[in-house]
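J.: requesting a structural model of the entry that follows:
(2 chains)
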Amino acid sequence: MDATPAVRLDGVSKQFADSYAVHHLDLDIEAGHFFSLLGPSGCGKTTSLRMIGGFSDPTEGSVLLAGEDVTALPPNRRNVNTVFQSYALFDHLSVTDNVAFGLKRKGVAKAEIRRRVGEMLELVQLDGLADRKPRTLSGGQRQRVALARALVNRPAVLLLDEPLAALDLKLRRQMQVELKQIQREVGITFVFVTHDQDEALTMSDRIAVMNEGRIEQCGTPEDVYEHPASRFVASFMGTSNLMTGTYRAGEVALDQGPALPVGPRTGIAEGAAVSVSLRPEKIWLSDFEPGMATLSGVIRETVYSGPTTTYLLELAPGVTLSVLEQNTARARMEDRWSGGETVEFGWRPEHCLVLA
Amino acid sequence: MTLLRLPSATAPARPAARSRSRRGRADRKPRVLIAVTAMFFALLYLPIAVVALFSFNSKKSLTVFGGFSLRWYRAFVHDDVMIASLGTSLRISLVAMAGSVVLGVALALGLVRCRTRLGSLAGLIMLVPLITPEIVTGVASMLLFKGLGVALSTGTVMLAEITFSISYVTVILRSRVAALNPEVEEAAMDLGATRWQAVRLVTLPALLPAVLASAVLIFALVFDDFVLAYFTTGVDPQPLPVRIYSAIRFGVQPTINAVGTLMLAGSVALIALALFIPRLFGRRGGLDILSGE
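T.: Sure, this is the predicted structure:
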């Protein structure tokens, strides 16, 4: 593996009038990775992508592609291509001519262009629509044209700006799988901007979670989900029971409620005010195993949603936990807990995370 | 008056039928409105129809139709001065069209992309020629050329017409430029195009229907423009409208009828073309020259 990162952002900032869209970003993206920039709208993820692509100039810092400083280069002189959120297809050109656009600009021989465009259309399964105009295609097809148009140039890095946002849920799921397959096949580094944490989790090799122009955490999907580095990451990735309390050795005394045994954690002083995060699916309602901490609470609400059931469990007045249970656990409807019952629940202390 | 009394004439027919007939009348379009509309079109087009009819007159009379003939068309074709004027008018229209379209499109791109205070001021000033009385523009242009010591000629008409027409092109193009997706131009640059190539290969083709429609409109406007041409033309072959005006001062020749009919046919054809162009590009309901949409 190449030791030089495919993309390096070195202290990059983007300042608009009086606020930072991106604040002193340091980021390395390894070659061949599917890398996601994840965050809510306005967190600076698209601005970061545009600075890599050359559509936006950083006010500070530098952008390096394969070790080369490209901060001052315009988009047409960077070895990256972009799949835009609006797809930005050329409506007056056929699908073939859209895909051939980049190769023509580079002066690639005609026969070579025809061969590569043909291959690429096959890869994205558009070979039957080569002569159509983009206006006559469906959203999913347009999305594939945009992808083919960028990939055919064999860029070192492909930038994708929420390319699936405009598709309906089913098509989006399908494209997620396809996009990941295509990325593996072509081996190009993908930098993928999204606000959808599911999408980021299922597709990425690494995820950078962004908030207010900064990176909150960067790691593998598992890292980011299982070991969120901050309260923001814990709440943004999936659902989480977030509570506040005071840290003592091995447990956190909730501000309004009992003390929860927690996993080992260094770097936090005794008596510090902290947040704890306990994911709904990490809480058990039966069949406890040795080493689990247990407490009891009152079922306040039962929400059945097919494969799973969510219970709202009142731990103490004003402290409610959400608990997610696979419906394999209970065979029949009548076996499920109902409102008002007092039940025992348990969790592994290492799943109860202390966040500074 | 007869026309206006017509609707009530059928009303008091039979008491039993009254309610039904009243309902029926409410559903029908009121005849008064139909009459007014017919009158409007008659007043608008009858004079033109008379000109067209008498252009085919076999007699010299302007009041008595003596029978169908192409005599006055033949006379026009053999009138060297008129033909020279027609050539001049066509040249002026083509040059004004090309010049004002190039400058107007550039101005539209500039005004939309340049989001400074000076830019929006320029956008307002640009509209002034549209509301300035043309005679003011004509006199001002003439005085400018005189002041600069430029002899009036076909060239000065062209310059004046270009200046006058830029605003029309820009007004039509501006909303289309604003409706363009900026990501499309970025995509072209992303794929290796320079800024200029992106405009040439992607932006201009996207604007083409509106550009063509505005070109046709400018051609039609300039071709029969009298006021500006009158003040800025020299003594060399005068533009056709000016030539016609001069001819009329010495008594109306039926040839004028033939020229007028030809100009009318040409203008109608052009406007039809302008309405048809957007449809050629697959746009629905494309009244480009009117709305710029």
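J.: show me how far the helix or strand containing residue B:270 is from its chain's centre.
T.: Assigned by DSSP states H and E, residue B:270 falls within helix B:255-280. What separates the centre of helix B:255-280 from the centre of its chain is 9 Å, taken as CA atoms, centre = their mean, to the nearest Å.
J.: same question, stretch A:226-243
T.: 14 Å.
J.: how far does that stretch stretch from start to finish?
T.: 17 Å (CA to CA, to the nearest Å).
J.: contacts for it, please.
T.: Residues from elsewhere that reach stretch A:226-243, judged by CB atoms under 8 Å, 6 or more residues apart in numbering or on different chains: A:38-40, A:197, A:201, A:209, A:211, A:216-217, A:219, A:224-225, A:252, A:254-255, A:257, A:260, A:275-280, A:283, A:319, A:321-322, A:353, A:355-356. C-beta: built from backbone N, CA, C; applies to glycine.
J.: rewinding a little: the helix holding residue B:270 near chain A at all?
T.: No. Residues of helix B:255-280 contacting chain A under CB under 8 Å from any CB of the partner chain: none, with a closest distance of 12.4 Å.
J.: give me the below-cutoff pLDDT ranges for chain B.
T.: By pLDDT under 70, the weakly predicted segments of chain B are B:1-27, B:278, B:281-293.
J.: let's see that with 50 instead.
T.: B:1-19, B:284-293 (pLDDT under 50).
J.: biggest helix in it, by residue count?
T.: Ranked by residue count, the top helix of chain B under DSSP state H comes out as helix B:80-113.
J.: could you say what helices and strands that helix packs with?
T.: helix B:71-77, helix B:117-125, helix B:154-179, helix B:204-223, helix B:240-249 (3 or more CB pairs under 8 Å, 6 or more residues apart in numbering or on different chains; DSSP states H and E).
J.: make a markdown table out of the ones you listed and add mean neighbour count and distance to chain A.
T.: A markdown table is the format used below for the helices and strands packed on helix B:80-113 (neighbours: other CB atoms under 10 Å in any protein chain shown; distance: least, CB to the nearest CB, whole Å):
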| stretch | mean neighbour count | distance to chain A |
| --- | --- | --- |
| helix B:71-77 | 17 | 42 |
| helix B:117-125 | 11 | 15 |
| helix B:154-179 | 21 | 12 |
| helix B:204-223 | 22 | 4 |
| helix B:240-249 | 18 | 37 |
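J.: in the sheet, who's paired with residue A:310?
T.: For residue A:310, the beta-bridge partners are residue A:303, residue A:324 (DSSP bridges).
J.: measure it to residue A:336 for me?
T.: According to CB to CB, to the nearest Å, residue A:310 and residue A:336 sit 11 Å apart.
J.: overlap of the contact sets of the two?
T.: Joint contacts of residue A:310 and residue A:336 (CB under 8 Å, 6+ apart) are residue A:302.
J.: show me where pLDDT drops low in chain A?
T.: A:1.
J.: tell me the buried residues within the contacts of stretch A:226-243.
T.: A:38-39, A:197, A:201, A:209, A:211, A:216-217, A:219, A:224-225, A:252, A:254, A:257, A:260, A:275-280, A:283, A:319, A:321-322, A:353, A:355 (16 or more other CB atoms under 10 Å in any protein chain shown).
J.: and residue 251, how many neighbours?
T.: Assuming you mean chain A. A count of neighbours around residue A:251, defined by other CB atoms under 10 Å in any protein chain shown, yields 19.
J.: wrong chain, I was asking about chain B
T.: Count around residue B:251 with other CB under 10 Å applied: 6.
J.: doesn't it belong to a strand?
T.: No. Going by DSSP: H, G, I helix; E, B strand; the rest coil, the assignment for residue B:251 is coil, not a strand.
J.: and it, how far from residue A:53?
T.: 73 Å.
J.: which residues touch residue A:30?
T.: A:1, A:5, A:6, A:189, A:205, A:206.
J.: switch the cut-off to 10 Å
T.: Residue A:30 sits next to A:1, A:2, A:3, A:4, A:5, A:6, A:7, A:189, A:205, A:206 when contact means CB atoms under 10 Å, 6 or more residues apart in numbering or on different chains.
J.: which ones are touching the closest residue to residue A:205 other than its chain neighbours?
T.: Distance criterion CB to CB, 6 or more residues apart in numbering or on different chains; nearest residue to residue A:205, sequence neighbours excluded, is residue A:33 at 4.4 Å. For residue A:33, the contacting residues are A:5, A:6, A:7, A:157, A:183, A:188, A:189, A:190, A:191, A:204, A:205, A:206, by CB under 10 Å, 6+ apart.
J.: any idea what the third one is bridged to?
T.: So that's residue A:7. Going by DSSP bridges, residue A:7 forms beta bridges with residue A:29, residue A:65.
J.: so what's the residue count around it?
T.: 24.
J.: and it, how far from residue B:230?
T.: 66 Å.
J.: just the first one next, same as before
T.: Look at residue A:5 and residue B:230: by CB to CB, they are 72 Å apart.
J.: what does the fourth one give?
T.: When distance is defined by CB to CB, residue A:157 is 64 Å away from residue B:230.
J.: so those two - more neighbours on which side?
T.: Applying other CB under 10 Å to residue A:157 and residue B:230 shows that residue A:157 carries more neighbours, namely 23 against 18.
J.: surely the more buried one and residue A:34 touch.
T.: No. Between residue A:157 and residue A:34 there is no contact, the gap being 11.4 Å when judged by CB atoms under 10 Å.
J.: can you check which of the helices and strands packed on helix B:80-113 gets nearest to residue A:80?
T.: Across these, residue A:80 has its closest neighbour in helix B:204-223 (24.3 Å, CB to CB).
J.: quick one: that closest one to chain centroid distance?
T.: Computed by CA atoms, centre = their mean, the separation of helix B:204-223 from the middle of its chain amounts to 11 Å.
J.: from the chain's centroid, how far away is the helix or strand following that helix?
T.: Sequence-wise, the next helix or strand downstream of helix B:204-223 (DSSP H and E) is helix B:227-232. Its chain's C-alpha centre and that of helix B:227-232 lie 17 Å apart, by CA atoms, centre = their mean.
J.: over to stretch A:186-205?
T.: That offset, for stretch A:186-205, works out to 6 Å (CA atoms, centre = their mean).
J.: can you give me the buried ones in that stretch?
T.: Buried residues in stretch A:186-205 (16+ other CB under 10 Å): A:188-197, A:199-201, A:203-205.
J.: what would the contacts of residue A:30 look like in JSON lines with secondary structure and distance to residue B:63?
T.: Listed next are the contacts of residue A:30 as JSON lines, based on DSSP: H, G, I helix; E, B strand; the rest coil; distance: CB to CB, whole Å:
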{"residue": "A:1", "secondary structure": "coil", "distance to residue B:63": "98"}
{"residue": "A:2", "secondary structure": "coil", "distance to residue B:63": "94"}
{"residue": "A:3", "secondary structure": "coil", "distance to residue B:63": "99"}
{"residue": "A:4", "secondary structure": "coil", "distance to residue B:63": "94"}
{"residue": "A:5", "secondary structure": "coil", "distance to residue B:63": "92"}
{"residue": "A:6", "secondary structure": "coil", "distance to residue B:63": "88"}
{"residue": "A:7", "secondary structure": "strand", "distance to residue B:63": "86"}
{"residue": "A:189", "secondary structure": "strand", "distance to residue B:63": "86"}
{"residue": "A:205", "secondary structure": "coil", "distance to residue B:63": "92"}
{"residue": "A:206", "secondary structure": "strand", "distance to residue B:63": "92"}
